[in-house]
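1. Pasting the sequence and the predicted model now:
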Amino acid sequence: MDLQPGRPLPPQALYRRCDPEHLKFESTESFDDGIEIPGQDRAVEAIHYATDMDLHGHNVFVLGPSGSGRHTFVRHFLASRASQQPVPSDWCYVNNFDDPRKPTALALPPGLGKQLRSDVEQAIQDAQSAIPVAFESEDYQTQHEAIREEFKELQEKAFLELEKEARQHGIGVIQTPAGIAFMPLRDGEAINSEAFEKLPEKEKQQIHEYIAELTRKLQHITRSIPKHARNMRQKLRELERDVTSLAVAGLIDDLVEKYKETPVVVTHLRAIQTDIVDNVDLFLHQSDGGGFMAQMPKLTQARESEAMRRYSINVLVDRSDSNGAPIVFEGQPSFMQLIGKIEHEAQFGALVTDFSLIRAGSLHRANGGYLIVDAAKVLSYPAAWEVFKLALKSSEIRIRSLADDLGFASTVSLEPEPIPLKVKVILIGERIYYYLLSELDPEFSDLFKIAADFEDQIKRDEENVRRVTRLHANLIRKENLRHLSRAGVARLMEASARIAGDGERLSADIRQTSDLLREADYWAMNANKELIGAEEVQLAIDSRNRRSARYRDRLLEETLRETFVVHTSGSRTGLVNGLAVTQLGDYAFGHPQRISATVTLGSGKVVDIEREVELGGPIHSKGVLILAGFLSSHYVTDRPLCLSASLVFEQSYGGVEGDSASAAELCALISAVAEIPIRQSLAVTGSVDQHGNVQAIGGVNEKIEGFFDICHKRGLSGDQGVLIPVANTKHLMLKQEVIEAVDKGEFHIYPVDNIDCCLHLLTGVPAGQRDEQGEFPQGSINQQVRKRLLDMAATYREFAVDNEKPE
Amino acid sequence: MQAAGTDISRRRITLILDISSSNQLLLEMLPSLFDESAGIDIDAVFVEEPAQRRAAELPFVREFCLLTTVEREFGPMDLKRAIEVRKQRLSKLMAAAVGRPGVECSIRSVHSAANLLQELVSVSDITMIVPLRRLRQQFVTWPVTHLQRRGRVVVAIGEWSSAREPLLTGLRLAGGDPQRIAVLVTGEAAATESMDCASRITALLSAAPASIRIVSEQSVQALVNAVLLERPGTFVLGAMPEWLDSNAIRTLREQLGCMICLVRAKLEVPVQDQ
């Protein structure tokens, strides 16, 4: 195609069509369900590598723009990988009878957790019946009574002998409020004080001695009793243990036999057996006749349920229905959702907890498989990132309470035994998160060693068109939409290229084209069509643009009403139509922007008014500073630049960024210096370097269409058009109206490669090249610019005072 | 039998307490004695034995504390103070144990006298007597768990016409479990055929008790011996006149070593012809 700078582009250069005839299918119906991510070979290779590497820290950060199919691909890929991997263990928490604050974690073969829970529940229910029966038995009661009687007899014998001895000495034993007292008797009755006083002194003395001796013996007896009582209690405990052991041994032995292949279960079952023996009261009904327990049947039920809970199995992760390794997508990766939590129950106004209230987090569920987490979300939840890293770094899940960690709560809580963690994490996020984490978090690179970088755009070739179409075919099946005809696919591919802003590329943002597809399905439904054709896709594009274009339409309207001034005819000195792009969400549109330049005698400075009022960004300011460099190097290398110029975006009230207007600014400046008017029927976009070369810019399609819309509304005159950098011609995917106008010669797109070319088109005057003597041709723009600058330098010198020289 | 001058719509329960014994178990049993009566008067009586007063007056007698094995002063003021403390403590415990409206409680202490127990029993519908503590039974050093505490309830009945009240009281004290009840049939009732005895008792209890024993010998000591054989936690006796003299009550109190509940039969009011 003939693309000569300065010559208008032919219509076929303005849009790269996707020819339906070149597509090797009739419609999307011909595609099967497989997923092939188009043009993301680099990312796909990284994910393959990451999943193959079974090493610590080889987790993946999938970076790239949203909508590029990252989630779809990752899930699809992992699904095929995980299905070939073994199902990991069930995880349970059980009571640690030695230290209930530190529940024990059990790893069980997949599916065994629920079964064990059920078996243990049944065994405890059986024990709740069997143990009371054993304790009610005649055998137990007899043995129990015998032990008590033995002690009682021992005690009674000692006291009876003491009482007998006291009586032999005429001393009686009486009960007092807090104990006993010895006192003299006469005729079997307690003596009163008067009678005692009348006794001979010797007898009184003897009574004192007897009482002292009896008291000493009583002391000896009473001090020996606790030891006997201890022995008795020990015997009673042993009896209780023997009875309980016998009652539960059969129940537990059956389970031990069943789970003999799983040693951790056997160990825990034996621990249960021992604990039941030690805590048999939990299994005995407390319903003594007149006692207060009988008034509280609920308390008895509570004790039964306490026993059930004490020995229950908290199945944290159940894999009974799993096939292959787990793939968990955590959509809400908060602190607790990741590592699990310990719930509490309110009991009598206090919050209490135990091992049965431990709840699994996504790390538990993904253990032995894959965990997919959104990077932005995990970073936004308080403390989630830190705890996530800690788990990955230490390769274990340690359940903690965030409130405890932050010191907000001081309740006694649990310290569950950490669970070993082996998981492949796929963190998905925008590129900015990856770069920031790499720079700011020293641990990040150790934990996420592999980056899978998804492209924003993909090459527009036959293979990628086929892959993108296959993705859309999957979506159509999944959401039960109408299939796309070949023409519909072609139009959708063109729309994708337009979204990419490049005729030779497709957008990797599948989400946007998927939305178009859904909307096109709506239009096809309205038109009673079986397939979605190009017409429906176009309707979807148009209606989306229409819905989003409120601000653009208002701006256009106010421009036509000349509230915003944009000239599309005539010529003006120092004034050029630049082009700007405004991005509002997903919608971008272009519009012309008057750029004016004024020149006075001065010290060689080009003042960027946007920068002076802090509306100009750094890249824009850089572009303006380049202009001064171009002026001095291009025109007056042998003289100081003695002008003072100012540039402004007229009627611009917001920030300006980017250097895509620098070519237009330079044209305005040269026009002002040379005092040559510029055609207002043309608009210019492009950045310029110090040598006057025009370079590529972004949003070329929107910019052209923005200027076209105004011209079109005012009536196309045939001499209107837009100057664009040559490098941008490959990006052109212009709307049909523009192409038609160009075809009719009513509008023109001029590729330009340098500023001279721009100036020639804008002024109609040749720019002029230096001859062998270094002089520009007479009458050329450049000659007039140089002449004006030399004049200004001379004038400046005349005004100079003493040694003052221009800077 | 109905005490003269008493309000028949109110039930009178007398608790005969010992200043040297624990009354906790008695208070736990107390709610079981409440029936549907609109009002209940509880008269708690601490009986102060003469030997205790005399001992307190002797200057050299000292109290030996069995808990600490330490001797300490024991004078009249100490005895008085100990009784006051017991009364105050009982007052608080009783308020908590009663827990229903229409119950009036009084607590007092009296000096033991020859006919005191007989007088107290004769004006009460139910009399609960705490056993006297004996030296050889001083220590209950093992925890009193439900297994020990819930010993059998032994009910003695002397005549069938007044058997219903003691049996039902016994059933209430046994927590509604007839298998915790042992019945002793004595007095006139002992002349009944054993099969007939069983059917009558089963009818009155609406269930069969754990055991029924006929005590043919008509003496207090024979009854005491028969009761002790049952290892009772509580002994319930239909209050027949021959067992209501002070000596008989004292014998029961001293020898049984368990809680005693004397139940007076409700008289059927005779229909008078106009």
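-> Right, received. Where do you want to start? Given the structure is predicted, the values throughout are model-derived calculations rather than measurements.
2. pLDDT wise, what is the spatially closest residue to A:F31 that is not a sequence neighbour at?
-> Of all residues not flanking A:F31 in the chain, A:A473 sits nearest, at 3.7 Å (C-beta to C-beta, 6 or more residues apart in numbering or on different chains). C-beta coordinates here come from the backbone N, C-alpha and C atoms, glycine included. We note a pLDDT of 93 for A:A473 in this prediction.
3. Can you give me the distance of A:A473 to A:F25?
-> 9 Å (C-beta to C-beta, to the nearest Å).
4. These two: which is more packed in?
-> Between A:A473 and A:F25, counted using other C-beta atoms under 10 Å in any protein chain shown, A:A473 has the larger neighbour count: 23 against 16.
5. In the stretch 701-807 of chain A, which residue sits closest to chain B?
-> Of all residues in the stretch 701-807 of chain A, A:E702 sits closest to chain B, at 85.7 Å by C-beta to the nearest C-beta.
6. what residues are up against that residue?
-> A:V581, A:A588, A:F589, A:G590 (C-beta atoms under 8 Å, 6 or more residues apart in numbering or on different chains).
7. Contacts only, for B:A226.
-> B:A156, B:L184, B:T186, B:R213, B:V215.
8. circling back: excluding sequence neighbours, find me the nearest residue to the residue of the stretch 701-807 of chain A closest to chain B.
-> Distance criterion C-beta to C-beta, 6+ apart; nearest residue to A:E702, sequence neighbours excluded, is A:G590 at 3.7 Å.
9. cool, A:D521 as well?
-> Nearest non-adjacent residue to A:D521, counting by C-beta to C-beta, 6+ apart: A:L481, 4.3 Å away.
10. right, and the one you found touches A:L517 too?
-> Yes: here A:L481 reaches A:L517: they are 6.7 Å apart, a contact under C-beta atoms under 8 Å.
11. what residues are shared contacts of these two?
-> Both A:L481 and A:L517 are contacted by A:L475, A:I532, under the criterion C-beta under 8 Å, 6+ apart.
12. Looking at those two now, which is surrounded by more residues?
-> A:L517 (26 against 21).
13. and the longest helix for the chain?
-> Reading this off chain A. Secondary structure of chain A per DSSP state H: the longest helix is helix A:201-258.
14. could you do chain B instead?
-> When chain B is scanned for its longest helix (criterion: DSSP H), the result is helix B:76-98.
15. now do the same end-to-end measure for stretch A:354-369.
-> Counting by C-alpha to C-alpha, to the nearest Å, you get 28 Å between the two ends of stretch A:354-369.
16. List the buried residues of that stretch.
-> A:354-358, A:360-369 (16 or more other C-beta atoms under 10 Å in any protein chain shown).
17. Pull out whichever of those residues are also neighbours of chain B.
-> When C-beta under 8 Å from any C-beta of the partner chain is applied, no member of the buried residues of stretch A:354-369 is adjacent to chain B.
18. For residue 53, list the residues it contacts.
-> This is for chain A. By C-beta under 8 Å, 6+ apart, the contact set of A:M53 is A:I450.
19. Let me rephrase: I mean chain B.
-> When contacts are counted by C-beta under 8 Å, 6+ apart, B:R53 touches B:P76, B:L79, B:H111.
20. What sits closest to the second one if chain neighbours are left out?
-> The one in question is B:L79. B:A56 (4.4 Å).
21. Now name the helix or strand holding the one you found.
-> helix B:50-57 (DSSP states H and E).
22. the inter-axis angle of that helix versus helix B:76-98?
-> If you take axes from the mean of the first three to the mean of the last three C-alpha atoms, to 10 degrees, helix B:50-57 sits at 130 degrees to helix B:76-98.
23. Next one, pLDDT for the nearest residue to A:E415 once chain neighbours are set aside please.
-> Leaving out its chain neighbours, the residue that sits closest to A:E415 by C-beta to C-beta, 6+ apart is A:K102, at 5.0 Å. Model confidence at A:K102, given as pLDDT, is 94.
24. Ok, A:K152 next?
-> For A:K152, pLDDT reads 81.
25. re earlier: anything in the next helix-or-strand element following the longest helix of chain A near chain B?
-> As assigned by DSSP H and E, the chain's next helix or strand after helix A:201-258 is helix A:263-278. No: judged by C-beta under 8 Å from any C-beta, helix A:263-278 stays clear of chain B, getting no closer than 15.6 Å.
26. C-alpha coordinates for helix A:263-278, PDB please?
-> Written as PDB, here are the backbone C-alpha positions of helix A:263-278 (Å, rounded to 0.1, in the frame of the first residue of the first chain):
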ATOM      1  CA  PRO A 263      -1.900 -45.500  63.900                       C
ATOM      2  CA  VAL A 264      -2.900 -41.900  64.700                       C
ATOM      3  CA  VAL A 265      -6.500 -43.000  65.000                       C
ATOM      4  CA  VAL A 266      -5.600 -45.900  67.300                       C
ATOM      5  CA  THR A 267      -3.500 -43.600  69.500                       C
ATOM      6  CA  HIS A 268      -6.400 -41.200  69.800                       C
ATOM      7  CA  LEU A 269      -8.900 -44.000  70.500                       C
ATOM      8  CA  ARG A 270      -6.700 -45.200  73.300                       C
ATOM      9  CA  ALA A 271      -6.500 -41.700  74.600                       C
ATOM     10  CA  ILE A 272     -10.300 -41.500  74.600                       C
ATOM     11  CA  GLN A 273     -10.500 -44.700  76.500                       C
ATOM     12  CA  THR A 274      -8.100 -43.500  79.200                       C
ATOM     13  CA  ASP A 275      -9.900 -40.200  79.400                       C
ATOM     14  CA  ILE A 276     -13.300 -41.800  79.900                       C
ATOM     15  CA  VAL A 277     -11.900 -43.900  82.700                       C
ATOM     16  CA  ASP A 278     -10.500 -40.700  84.300                       C
END
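27. tell me which residues of it are tucked away?
-> A:V265, A:V266, A:H268, A:L269, A:A271, A:I272, A:Q273, A:D275, A:I276, A:V277.
28. any idea how far the residue nearest to A:F31 is from B:I249?
-> Per C-beta to C-beta, A:A473 is found 102 Å from B:I249.
29. Give me the three-state assignment for the residue of the stretch 701-807 of chain A closest to chain B.
-> helix (DSSP: H, G, I helix; E, B strand; the rest coil).
30. how about low-confidence regions in chain B?
-> B:1-9, B:37-38, B:114, B:133-150, B:241-243, B:265-274 (pLDDT under 70).
31. Tell me which stretches of it form strands.
-> Along chain B, counting by DSSP state E, strands occupy B:10-18, B:39-48, B:62-65, B:70-73, B:103-111, B:126-129, B:152-157, B:181-185, B:211-214, B:232-238, B:259-263.
32. Name the strands paired with the fourth one and say parallel or antiparallel.
-> By that I understand strand B:70-73. Looking at strand B:70-73 with DSSP bridges, its partner strands are strand B:62-65 (antiparallel).
33. Just the residues contacting the partner strand, thanks.
-> With C-beta under 8 Å, 6+ apart, strand B:62-65 has contacts from A:176-182, A:215, A:218-219, B:70-74, B:78.
34. Which among the residues you listed count as buried?
-> Using 16+ other C-beta under 10 Å, the buried members of the contacts of strand B:62-65 are A:T176, A:P177, A:A178, A:G179, A:I180, A:A181, A:F182, A:T215, A:L218, B:E71, B:F74, B:D78.
35. and these, which two are the farthest apart?
-> A:L218 and B:D78 (19.1 Å; C-beta to C-beta).
36. what's the closest non-adjacent residue to A:G368?
-> A:P88 (2.4 Å).
37. Equivalent analysis for A:G604, please.
-> Closest to A:G604 by C-beta to C-beta, 6+ apart is A:L641, at 3.7 Å.
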